[in-house]
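Student: here is a sequence with its predicted model. Questions after.
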Amino acid sequence: MKRIAVLTSGGDAPGMNPAIRAVVRKGIYEGLEVVGIYNGYQGLIEGKMEPMTLGFVGDIIQRGGTKLYSARCPEFQTEEGQKKALEQLKKHEIDGLVVIGGDGSYRGSMILTKQGIPCVGVPGTIDNDIPGTDYTLGFDTALNTVVEAIDKIRDTATSHERTFIIEVMGRDAGDIAVWAGLAGGAETILIPEVDESMESIVKRLNSGSERGKKHSIIIVAEGVMSGTEFAEKLKDYTDIDTRVSVLGHIQRGGTPSGRDRVMASLFGAKAVEVLLQNKGGRAIGLRRNEVVDYDMQEAFEGSHVFDLSMYQLSKELSI
Ligand SMILES: Nc1ncnc2c1ncn2[C@@H]1O[C@H](COP(=O)(O)OP(=O)(O)OP(=O)(O)O)[C@@H](O)[C@H]1O
Ligand SMILES: O=P(O)(O)OC[C@H]1O[C@](O)(CO)[C@@H](O)[C@@H]1O
Ligand SMILES: [Mg+2]
């Protein structure tokens, strides 16, 4: 292994920059040449890459987004696109690749591994939804962004004695919703993992009102339905005055938290160590507080472990 490359792919996540920094600096420390590929698999297909220096990754540890840019690349899902990508890797004499991204990006990397370029995945997605790891980069920062937003919205909810419906991200996963709901004291949390009936939701809202509760925070994970859709549904059951707030992409941006910077540094360095052992098709993760590498296949076959007890606790604490 002489020359390795790194790319970021899929939705960006705070922590991607510190992870790039760790891959580049650990690689150079170990005597490797490190190439940065721009715009994910799209840039790989187009050969948009250049050698990285220690300086290139200076002053990025504290920045959100990704200095290498990210993309969703439908062309890479075609055989022709994959062939072009492999040709570029061979042309630039790249012996191994670190892919920082979510499950889709991992799937793409498996194709390259099977074609002879060992790839290692670093979990970078705010959704925290990759099977096999307890943590994905960006989750902590996104969580803090959402909690800050809930706190602000709560001020208005209290002043106007209103119920607020806050829609949060997490394509198919309820982690952001549950953690933020618990941290922000939300009364109701709707997540894709649990099917709660409208009757039960309304019953809880009404019992709060009967006890004199004047405001309420409802978190809706986008994977369940949109906040607006939920507000419309609620109208069929109650005349409670609601407002909807869609947090959207502010959840993906911003300075990575201390936790995300540390995890990114640990994950990025571990990815380089794994490549140095000539291992491909591996994913980096956190298990019981230990940084590990595991068979990437597990990330596809296993299911993301969702902590139902936290969801239950949020209900017990926010009645
Ligand atoms: N099955 C697949 N085969 C080949 N490439 C894939 C596959 N799935 C995804 N990819 C590639 O990976 C890119 C990123 O995937 P996707 O858009 O699913 O994001 P992700 O990595 O899952 O991140 P996130 O869900 O956090 O945004 C895709 O645009 C595509 O280029
Ligand atoms: O930015 P895009 O492409 O609209 O993707 C949004 C999706 O990406 C994520 O932010 C990360 O996977 C999801 O939570 C969300 O559903
Ligand atoms: Mg994904």
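Tutor: Sure thing, it's come through. Ligands and ions are numbered 1, 2, ... in the order given.
Student: from now on I want contacts and neighbour counts done on CA atoms only, so please keep to that.
Tutor: OK.
Student: longest helix in this structure, please.
Tutor: Looking across the chain with DSSP state H, the single longest helix is helix 139-160.
Student: and the lowest-mean-pLDDT helix or strand in the chain, what's buried?
Tutor: Each helix and strand of the chain was given a mean pLDDT (mean pLDDT, DSSP states H and E); the minimum falls on helix 198-210 at a mean of 89. Neighbour-count burial for helix 198-210 flags Ile201, Val202, Arg204, Leu205, Gly208 (criterion: 16 or more other CA atoms under 10 Å).
Student: contacting residues around the longest helix of the chain?
Tutor: The contact list for helix 139-160 (CA atoms under 8 Å, 6 or more residues apart in numbering) reads 13-14, 125-128, 162-164, 166, 168, 176, 179-181, 183-184, 214-217, 247, 250-257, 259-260.
Student: would you mind listing what in the stretch 101-250 of the chain touches ligand 1?
Tutor: Applying CA under 6 Å from any ligand atom, we find that the stretch 101-250 of the chain lies next to ligand 1 at Gly101, Gly102, Asp103, Gly104, Ser105, Arg107, Gly108, Thr125.
Student: whichever residue of the stretch 151-300 of the chain sits closest to ligand 1: what secondary structure?
Tutor: As assessed by CA to the nearest ligand atom, ligand 1 sits closest to Arg171 within the stretch 151-300 of the chain, at 7.4 Å. Taken by DSSP: H, G, I helix; E, B strand; the rest coil, the conformation at Arg171 corresponds to coil.
Student: next, it: phi, psi?
Tutor: phi -40, psi -60 (degrees, to the nearest 10).
Student: just checking, what packs against the least confident helix or strand of the chain?
Tutor: Using 3 or more CA pairs under 8 Å, 6 or more residues apart in numbering; DSSP states H and E as the contact test, no helix or strand touches helix 198-210.
Student: re the thing from before, output the longest helix of the chain as PDB, nothing but the C-alphas.
Tutor: Extracted C-alpha coordinates of helix 139-160, given in PDB (Å, rounded to 0.1, in the frame of the first residue of the first chain):
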ATOM      1  CA  PHE A 139     -25.100  12.800  14.900                       C
ATOM      2  CA  ASP A 140     -24.000  14.600  18.000                       C
ATOM      3  CA  THR A 141     -23.700  18.000  16.300                       C
ATOM      4  CA  ALA A 142     -27.100  17.500  14.600                       C
ATOM      5  CA  LEU A 143     -28.600  16.500  17.900                       C
ATOM      6  CA  ASN A 144     -27.300  19.700  19.600                       C
ATOM      7  CA  THR A 145     -28.600  21.800  16.700                       C
ATOM      8  CA  VAL A 146     -32.100  20.300  17.100                       C
ATOM      9  CA  VAL A 147     -32.000  20.700  20.900                       C
ATOM     10  CA  GLU A 148     -31.100  24.300  20.600                       C
ATOM     11  CA  ALA A 149     -34.000  24.800  18.100                       C
ATOM     12  CA  ILE A 150     -36.400  23.100  20.500                       C
ATOM     13  CA  ASP A 151     -35.400  25.300  23.300                       C
ATOM     14  CA  LYS A 152     -36.000  28.400  21.200                       C
ATOM     15  CA  ILE A 153     -39.300  27.200  19.900                       C
ATOM     16  CA  ARG A 154     -40.400  26.300  23.500                       C
ATOM     17  CA  ASP A 155     -40.100  30.000  24.400                       C
ATOM     18  CA  THR A 156     -42.700  30.900  21.900                       C
ATOM     19  CA  ALA A 157     -44.800  27.800  22.700                       C
ATOM     20  CA  THR A 158     -44.900  28.900  26.300                       C
ATOM     21  CA  SER A 159     -45.600  32.600  25.600                       C
ATOM     22  CA  HIS A 160     -48.400  31.900  23.200                       C
END
